[in-house]
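Colleague: Sequence and predicted structure are below.
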Amino acid sequence: MLKRSEEMLMDLWISLLLVWITSVPYGSLSPITSQSKSTQTGGSAVVASGLGEGQRLLSRAKRGWVWNQMFVLEEFSGPDPILVGREHTWAGAAETMGRELFLGVVHRTFKQSAGLQHRPATTPTLQTTQTFSSSIKQLYSLITVFEELSNQGGHYFGYCQLHTDLDVGGKSIKYILTGEGAGTIFAINELTGDIHAMKRLDREEKAEYTLTAQVINADTDEPLEPPSEFIIKVQDINDNPPQFIEAPYHSSVPEMSAVGCVRALHASGTPVTRVTATDADDPVYGNSAKLVYSILEGQPYFSIDPNSATIKVALQGMDREMREEYLVVIQAKDMGGHMGGLSGTTTVTITLTDINDNPPKFSKNLYEFVIPEDLPTGKMGGKVKANDRDTGENSKSTYGIVEGDDQGVFEIVTDSQTQEGILRLKKPLDYESKRAYTLKVEATNIRSEPGSGGPFKDTATVKIAVEDSDEPPVFSKPIYQLEVNENAPINTVIGSVMARDPDSTGSQVSPETSAILKLLGQVRWFGTQETDSPVGVLNASSQQGFRYFIDRHTDLERQFNINVDDGKITLAKPLDRETDMWHNITVTATEVRNHSQISRAIVAIRVMDYNDNAPEFATEYETFLCENGKPGQVIQTISAVDKDDPIQGHYFNYRLAPEMLNNPNFTIKNNQGGYKHINEQGNT
């Protein structure tokens, strides 16, 4: 570190020397011996004795801005303070008052100005002298000190000497220092004017300090001349590596992005993102803050512009479905990327975003489902799914039936949550009419990427087998109308009902139930033989798969019976039409093996009339007759009723009772309405 600091310090002072030499006329650098100088009264001019005729004293033109600052190296650490500069009173010409500035640490001594005597120093010094008029009240000096240096070895990095004729003989003078950091960071030797840096300096914390130096009487503390203000600048060294403030970085770029094409918008590659590093070193002085970017990890997939730090796609055909995420390590190096520069790194996580470049694909080419025929409409019969390697909207598909469903029995809808195709029933199934369906379904991407060749789709075959359900028996008619005479004897067959098993194939008896046998006899013999000879004889008849019953809630008097096998309805009790003309009963057909499978039909039985009731007078008649009634006069009209109900209606024949036949006073006459008029035949 010390060796490097010395080299940097040497470069600085040589640069300052060259600038100073180029700014001074050549003639002003001619040496003049101190033995031949003299002064004019008033200190306004300097005359050198011993000069030849026509000769004149040469001096450099006054430039108060040349040495208006001091520079000190930042981050100095060591056992002794750094000598920043020296403010010194120097015995000069008799009538000249001026100030001289000495800047040190070069490898040779350069002296200027007549009468200037070299002051020995522990380190070779570069001495430059500026002479000012006594009317100048302030001197602005510049001292540069490098940061981060150790003063091991006793090097002085600069000192300032102020030359005045006040410091003559044994006059007691003292130098004082005020301003920023005076007494804490910087200290001045009261006797010699040497200014030291007492603490390690960091340019990144504070780049410069403004101080004021003054010469006073050591005994009376009275000022001997006006104060001199100067600036100490902390000279930058490359002690700060680049830093990525916003690290770590995360960015994304679409998959299959262009790398470089004549027609492409970004001929050198699709930009991904830009990173930014900062360097706390001085961006003006040297290359300490000049950054160059490079990729340490992430090639050949990505590249970076060394100056703008823009990351771009460098590899063609990067597929998200193959690899989605990349970790790129970026380095920023100062000193323009040259050897010896400091560096910093950061990571950039780059994610490839999806584009729709993959079609949906059914998990299998053939789906097979078994759907019961009693499945309610709107219910799901099966699921299909087409997978898509893309993500998000690019992976979503819609489903449809493209073949095999001309009757519109099925529909397929998309489940937005699972992206499955739900096969649903739109119309009822009938196993007896159609037992199988073969459908062709299609999955199509909702979103199509421009230029991708879409829309993407895929097809699959769906085979559906209709499963026969255990259905209840079905009556041939919902309502049966039967007639029976009221005088019919017991067990008279009134009529029959008929039901069929829909699970059968054209027969009243289902194949499934035809194996149910009813034993009618006894087993004659059993035997066991090695051959396939019969082991017994059974008498059996086929038994229907369902039976008929009368719902007794509709026949509380149990007036009717039904044959459980053939559905014949018979009379169980005598009927009376005059009591109940109609009997409405309910019959059922119930499966033998599953009593829950039951169906019903209504049987309306009309009782036909039988003339089993004599006519009756509608009321009891009592007639009054006047004594002077005339013959043929109607004295009473009578009528009769009959509980029977003949088909042609009632027709009654009236006559006088036998015991009244010999009474000549009254006669009875029939009319068509069934009424009879009693007439007066003669005087009573």
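Modeller: Nice, thanks for sending it over.
Colleague: Name whatever forms a beta bridge with residue 467.
Modeller: Beta-bridge pairing of residue 467 under DSSP bridges involves residue 372.
Colleague: distance of it from residue 226?
Modeller: 116 Å (Cβ to Cβ, to the nearest Å). Bear in mind the C-beta positions are built from the backbone N, C-alpha and C, glycine included.
Colleague: Ok, residue 663 next?
Modeller: Taking Cβ to Cβ, one finds residue 663 at 183 Å from residue 226.
Colleague: what does residue 349 give?
Modeller: Distance from residue 349 to residue 226, by Cβ to Cβ: 64 Å.
Colleague: Could you break the protein into its assigned domains?
Modeller: Here the domain parsing of the chain from automatic domain parsing is 2-235, 249-353, 367-467, 474-527+535-608, 613-684.
Colleague: Run through the helices of the chain in chain order.
Modeller: Counting by DSSP state H, the chain has helices at residues 2-22.
Colleague: remind me which residues of it are low pLDDT?
Modeller: Along the chain, the model assigns pLDDT under 70 to residues 1-171, 260-268, 451-454, 504-544, 646-651, 661, 671-684.
Colleague: distance between the ends of stretch 595-613?
Modeller: 46 Å (Cα to Cα, to the nearest Å).
Colleague: can you pull the buried residues of that stretch?
Modeller: 597, 599-603, 605, 607, 609-610 (16 or more other Cβ atoms under 10 Å).
Colleague: what's the answer for stretch 270-283, then?
Modeller: Going by 16+ other Cβ under 10 Å, stretch 270-283 has these buried residues: 270-273, 275-277, 279-282.
Colleague: now those as a markdown table including distance to residue 370?
Modeller: Below are the buried residues of stretch 270-283 laid out as a markdown table (distance: Cβ to Cβ, whole Å):
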| residue | distance to residue 370 |
| --- | --- |
| 270 | 53 |
| 271 | 57 |
| 272 | 54 |
| 273 | 56 |
| 275 | 61 |
| 276 | 65 |
| 277 | 67 |
| 279 | 74 |
| 280 | 76 |
| 281 | 79 |
| 282 | 83 |
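Colleague: Out of these, which sit inside strands?
Modeller: Judged by DSSP state E, the buried residues of stretch 270-283 include 271-273 as members of strands.
Colleague: Kindly indicate which of those lies nearest residue 244.
Modeller: For those, the residue nearest residue 244 by Cβ to Cβ is residue 273; the value is 12.2 Å.
Colleague: Just list whatever residues bridge to the closest residue to the closest one other than its chain neighbours.
Modeller: Once flanking residues are discounted, residue 273 sits nearest to residue 251: 3.7 Å by Cβ to Cβ, 6 or more residues apart in numbering. Beta bridges link residue 251 to residue 350, judged by DSSP bridges.
Colleague: Do I have it right that residue 356 meets residue 445?
Modeller: Yes: with contacts counted by Cβ atoms under 8 Å, residue 356 reaches residue 445, the gap being 6.3 Å.
Colleague: quick one, strands of the stretch 501-650 of the chain?
Modeller: Taking DSSP state E, counting those that start in this stretch, the strands of the stretch 501-650 of the chain run over residues 517-519, 540-542, 546-551, 560-562, 568-571, 582-591, 598-608, 616-617, 634-638, 640-641.
Colleague: Show me what counts as buried in the fifth one.
Modeller: Within strand 568-571, the residues scored as buried using 16+ other Cβ under 10 Å are 569-571.
Colleague: which other helices and strands contact that strand?
Modeller: strand 493-496, strand 560-562 (3 or more Cβ pairs under 8 Å, 6 or more residues apart in numbering; DSSP states H and E).
Colleague: Show the end-to-end separation of stretch 628-641, please.
Modeller: End to end - Cα to Cα - stretch 628-641 spans 33 Å.
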